[in-house]
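**Q** Pasting the sequence and the predicted coordinates here, then a few questions.
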Amino acid sequence: MTASPAIDALLLPQAEAAADDTAEALHLRAAQAGDMAAFEWLVRRHEEKLFGFCCRWLRCVEGWA
């Protein structure tokens, strides 16, 4: 699973990736390269925000806090 170059630029600019080798940046690049464990790590790290976004997007007010 790879994202298009335009999406890569939105997700993590190359200059920022080179300068910021935090755990999140490393996991983000690994997930973009298809590493499902890294993708899961990112989802778990941002689970509450991701869940809220999905509920708003799907207009699912009963699960949205």
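**A** Perfect, I can see it now.
**Q** pLDDT score assigned to Trp41?
**A** Model confidence at Trp41, expressed as pLDDT, equals 94.
**Q** What is the burial count for Ala31?
**A** Neighbour count of Ala31, defined by other C-beta atoms under 10 Å: 20. Every residue, glycine included, has its C-beta placed from N, CA and C.
**Q** For it, give me its contacts.
**A** Shown in contact with Ala31 (C-beta atoms under 8 Å, 6 or more residues apart in numbering): Ala38, Phe39, Trp41, Leu42.
**Q** Show me these that map onto helices.
**A** Members of the contacts of Ala31 lying in helices (criterion: DSSP state H): Ala38, Phe39, Trp41, Leu42.
**Q** Now Gly52: which helix or strand?
**A** helix 47-58 (DSSP states H and E).
**Q** in that helix, what's buried?
**A** For helix 47-58, the neighbour count (16 or more other C-beta atoms under 10 Å) marks no residue as buried.
**Q** In CSV: the ones in helices among the contacts of Ala31, plus distance to Glu24 and neighbour count.
**A** Compiled in CSV, the ones in helices among the contacts of Ala31 are given as follows (distance: C-beta to C-beta, whole Å; neighbours: other C-beta atoms under 10 Å):
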residue, distance to Glu24, neighbour count
Ala38, 10, 19
Phe39, 12, 16
Trp41, 9, 18
Leu42, 7, 16
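**Q** what's the closest of those residues to Arg29?
**A** For those, the residue nearest Arg29 by C-beta to C-beta is Ala38; the value is 8.1 Å.
**Q** May I have the residues that are in contact with Trp57?
**A** Trp57 makes contact with no residue under the criterion C-beta under 8 Å, 6+ apart.
**Q** follow-up on the earlier one: now do the helix holding Gly52, average pLDDT.
**A** 89.
**Q** CA atoms only: put it into CSV for me.
**A** Below are the C-alpha coordinates for helix 47-58, written out as CSV (Å, rounded to 0.1, in the frame of the first residue of the first chain):
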residue,chain,number,x,y,z
GLU,A,47,-7.7,6.5,18.3
GLU,A,48,-9.9,9.1,20.0
LYS,A,49,-9.4,11.8,17.4
LEU,A,50,-9.8,9.3,14.6
PHE,A,51,-13.0,7.9,16.2
GLY,A,52,-14.4,11.4,16.6
PHE,A,53,-13.5,12.3,13.0
CYS,A,54,-15.2,9.1,11.7
CYS,A,55,-18.4,9.8,13.7
ARG,A,56,-18.6,13.4,12.5
TRP,A,57,-17.9,12.3,8.9
LEU,A,58,-20.6,9.5,9.1
